[in-house]
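>>> Just the structure for this:
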Amino acid sequence: MDINTWGLIIGMTAVTAAPRVLPLLLTTQRKPSATFRRWLELLPIAIFSSFLAPALLVAEGKVSTAAHPETMVVVAISAIVVRKTRNLLAGLGVGLLVLLGLWLTGY
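Prediction:
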């Protein structure tokens, strides 16, 4: 490999590592505020919802809450489980079991 290839590899490594390392270095000396910690707690469910919403609410290119009614039932049950247990994994597990049950019964 020539010097340009090595320069490219080192540059790409630095650009990739910087967003991961800099926040760690900048925040290790400070304690985050309560608002920031609360925001971080909500981040996983927000990301999960952003993946789920288009699959649930869009049918044939149009937004509709009745696009997939059987799936909306599964989501509602999963949301209740997550809310009661405060455990996303429990909600996913129950949702998958309910979806499997609906599939096995022919819905």
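>>> Quick check: residue 49 vs residue 104, distance?
As judged by CB to CB, to the nearest Å, residue 49 and residue 104 stand 27 Å apart. Every residue, glycine included, has its C-beta placed from N, CA and C.
>>> Who has more neighbours out of these two?
Per other CB atoms under 10 Å, whichever of residue 49 and residue 104 has more neighbours is residue 49, with 12 against 8.
>>> Quick check: the more buried one is in a helix.
Yes. Counting by DSSP: H, G, I helix; E, B strand; the rest coil, residue 49 is located in a helix.
>>> From residue 37, how far off is it?
Taken as CB to CB, the span from residue 49 to residue 37 is 20 Å.
>>> What of residue 79?
23 Å.
>>> neighbour count winner among the two?
The neighbour comparison of residue 79 against residue 37 (other CB under 10 Å) goes to residue 79, with 14 against 10.
>>> so which strand or helix has the more buried one?
helix 69-85 (DSSP states H and E).
>>> For the spatially closest residue to residue 52 that is not a sequence neighbour, give me the pLDDT.
Nearest residue to residue 52 in three dimensions, chain neighbours excluded: residue 75, at 7.3 Å (CB to CB, 6 or more residues apart in numbering). Looking at residue 75, its pLDDT reads 85.
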